[in-house]
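give me coordinates for this.
(2 chains)
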Amino acid sequence: MNNDVFKNIIRFVALVLAQVVIFNNINFSGYINPYVYILFVIGYPFASNRTLFLFISFLLGLTIDMFTDAGGINAIACLVIAYIRPVVLRFSFGVSYEYHNIKIIETGWAERFTYVSIMTVTHHLILFSLETFNASLILSTLMKTLFSSIFTIILCLSFIVLFSRKRT
Amino acid sequence: MQQIINFFIRNKNGVLFLLLLLIGFVLTVQSHSYHRSKFSNSARWLFGGIYETNSNIKQYFHLKTDNRRLVEENMRLRQLLFNGTDTTGNDVFIDTSSFKQKYVFRGANVIKNSYSAANNVLTIDKGSDDGIAPDMGVITSEGIVGVVNRVSANYATVISVLNTTIRINAKHRPSGEIGSLTWNTKDHRLTQLIDVPKLANIKENDTIITGGESTIFPEGIPIGSIKTFSLQAAQNYYDIDVALFNAMTHIGHVYVIENQDAPQIKWLQDKADE
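Predicted coordinates for the structure are as follows:
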């Protein structure tokens, strides 16, 4: 138990630093950045205290916002994907996920892709809509969402494979 | 009463969700209004410290371009100095040496740059200890960068020209017509000049400079050149796309301008409003 808490704290700090120092500065073709820090919300243990999880997710987004002077947009986006996560999990992995205490690395490729994609696209859509705050720029918001999502999904899936060990 | 408490306990996740969502929205709305962004935090020590370490490392990669910029600027300033009159047609520093110093320039480094968001905010490594205060203008040798927003002891945040909340008083150099500089978030190389009247004779590649009407920037600091323009059918004003002289993707050293007459002017204008 203690080990898990410690692991999550390390993950939180590492992802925030990586996001702020590296991934926010990529600016591929001017504006496309991956938001890899949501990996924390995606990879948080599936069977866990929901209230605490909501709170930590909000805190994660708020930390990113403080670094980037963005008000509360990352906080809202993180909170929403944390709130809808049980629904997305049930949709992608079927009802049985709740009883099996599985880890994300132990899931199938197609299911994992569905799960990560839904979470990422939801997060990005909320993030960029709130960022522009302007209905007349809806097209550029959607483009931004699409391109950044592709970037984030690829990186998230690679990181899941790279940084998790399979139980033998 | 019991039922109400039970209801909250049963739905504690939903209630927490709504509460945090509300907090998030309040913070977001606040950040969208210039000067009320109370939680603009990267000026504080932790965030400033991390960004400064990061920028110390990155600075080495830009030494060559920084040197070239400095040489170019020195060259221009020397030309101004030794030729007596303005030779480049670029009257940037109007009359600061002869009488009372109206404008004070301070150097600073950008330690956090941002240009891909809709409301970009930069962080510089000078704060109130170095005499930086809100509402000072920030420029590079090539053009304008933004306006100082919040200040801590050692750091300050700067609202970039690439921010939807900023409006900078600008002037079409050939005709002297005044307009406002805004940004539509689409391209970090282009800003929009609005409110220029139809009477102005506008051509492509005309220079846009800062107008003298605000207390933030002195008159005549270069902003950019006109890339495209259109006259809306029903309106009497031009829509102009201005290509910035400054490459906003790479800003290293900046100058912060203090207008020493600003308090006087503001006081007078406040009096006039009453």
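
for B:Ile178, which residues are in contact?
Contact analysis of B:Ile178 by CB atoms under 8 Å, 6 or more residues apart in numbering or on different chains lists B:Asn169, B:Ala170, B:Lys171, B:His172, B:Asp195, B:Val196, B:Gly211, B:Glu213. Glycine gets a C-beta too; all of them are placed from N, C-alpha and C.

identify the residue spatially nearest to the last one, adjacent ones excluded.
Across the structure, with CB to CB, 6 or more residues apart in numbering or on different chains as the measure, the residue nearest B:Glu213 apart from its sequence neighbours is B:Asn169 (4.7 Å).

please save the CA atoms from the one helix or strand the one you found maps to in CSV.
Here B:Asn169, judged by DSSP states H and E, is contained in strand B:168-172. Output of strand B:168-172 as CSV, limited to C-alpha atoms (Å, rounded to 0.1, in the frame of the first residue of the first chain):
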residue,chain,number,x,y,z
ILE,B,168,-2.0,47.7,-27.9
ASN,B,169,-2.2,51.2,-29.3
ALA,B,170,-0.5,51.1,-32.8
LYS,B,171,0.0,53.5,-35.6
HIS,B,172,0.2,53.1,-39.4
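
that one - contacts with which helices or strands?
With contacts taken as 3 or more CB pairs under 8 Å, 6 or more residues apart in numbering or on different chains; DSSP states H and E, strand B:168-172 sits against strand B:178-182, strand B:190-197, strand B:207-210, strand B:222-231.

quick revisit: can you redo the contacts of B:Ile178 as TSV with pLDDT and neighbour count?
Below are those laid out as TSV (pLDDT from 0 to 100; neighbours: other CB atoms under 10 Å in any protein chain shown):
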residue	pLDDT	neighbour count
B:Asn169	90	17
B:Ala170	91	31
B:Lys171	89	23
B:His172	89	25
B:Asp195	85	17
B:Val196	86	25
B:Gly211	86	22
B:Glu213	82	12
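
now the strand holding B:Asn169: how far from the chain's centre is it?
13 Å (CA atoms, centre = their mean, to the nearest Å).

between it and strand B:222-231, how many degrees?
70 degrees (axes from the mean of the first three to the mean of the last three CA atoms, to 10 degrees).

quick check: B:Gln3 vs chain A, distance?
Distance, B:Gln3 to chain A, by CB to the nearest CB, to the nearest Å: 21 Å.

that residue: neighbouring residues, count only.
B:Gln3 sits with 7 neighbouring residues when counted by other CB atoms under 10 Å in any protein chain shown.

got phi/psi on it?
phi -70, psi -40 (degrees, to the nearest 10).

residues in contact with the closest residue in space to A:Tyr83 that isn't next to it in sequence?
Nearest non-adjacent residue to A:Tyr83, counting by CB to CB, 6+ apart: B:Phe17, 5.0 Å away. The neighbours of B:Phe17, taking CB under 8 Å, 6+ apart as the test, are A:Leu54, A:Leu79, A:Tyr83.

just A:Phe147 next, same as before
Contacts of A:Phe147 (CB under 8 Å, 6+ apart): A:Ile32.

tell me the buried residues in the helix or strand encompassing it?
Applying DSSP H and E as the criterion places A:Phe147 in helix A:138-163. Across helix A:138-163, burial judged by 16 or more other CB atoms under 10 Å in any protein chain shown covers A:140-141, A:144-145, A:147-153, A:155-157, A:159-160.

let me know the average pLDDT across stretch B:134-149.
The pLDDT scores in stretch B:134-149 average 90.

and it, end to end?
5 Å (CA to CA, to the nearest Å).

how far does it sit from its chain's centre?
Relative to the centre of its chain, stretch B:134-149 is centred 5 Å away, using CA atoms, centre = their mean.

what do you get for stretch A:10-28?
How far stretch A:10-28 lies from its chain's middle: 12 Å, per CA atoms, centre = their mean.

before we move on, what about stretch B:65-78?
Stretch B:65-78 sits 22 Å away from the centroid of its parent chain (CA atoms, centre = their mean).

pull the CA atoms of it into CSV?
Output in CSV follows, covering the C-alpha atoms of stretch B:65-78 (Å, rounded to 0.1, in the frame of the first residue of the first chain):
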residue,chain,number,x,y,z
THR,B,65,21.7,34.1,-32.7
ASP,B,66,21.7,36.3,-29.6
ASN,B,67,25.2,37.6,-30.5
ARG,B,68,24.1,38.4,-34.0
ARG,B,69,21.1,40.3,-32.7
LEU,B,70,23.2,42.3,-30.3
VAL,B,71,25.7,43.2,-33.1
GLU,B,72,22.8,44.3,-35.3
GLU,B,73,21.4,46.4,-32.6
ASN,B,74,24.8,47.9,-31.7
MET,B,75,25.3,48.7,-35.4
ARG,B,76,22.0,50.5,-35.6
LEU,B,77,22.6,52.4,-32.3
ARG,B,78,26.1,53.4,-33.4
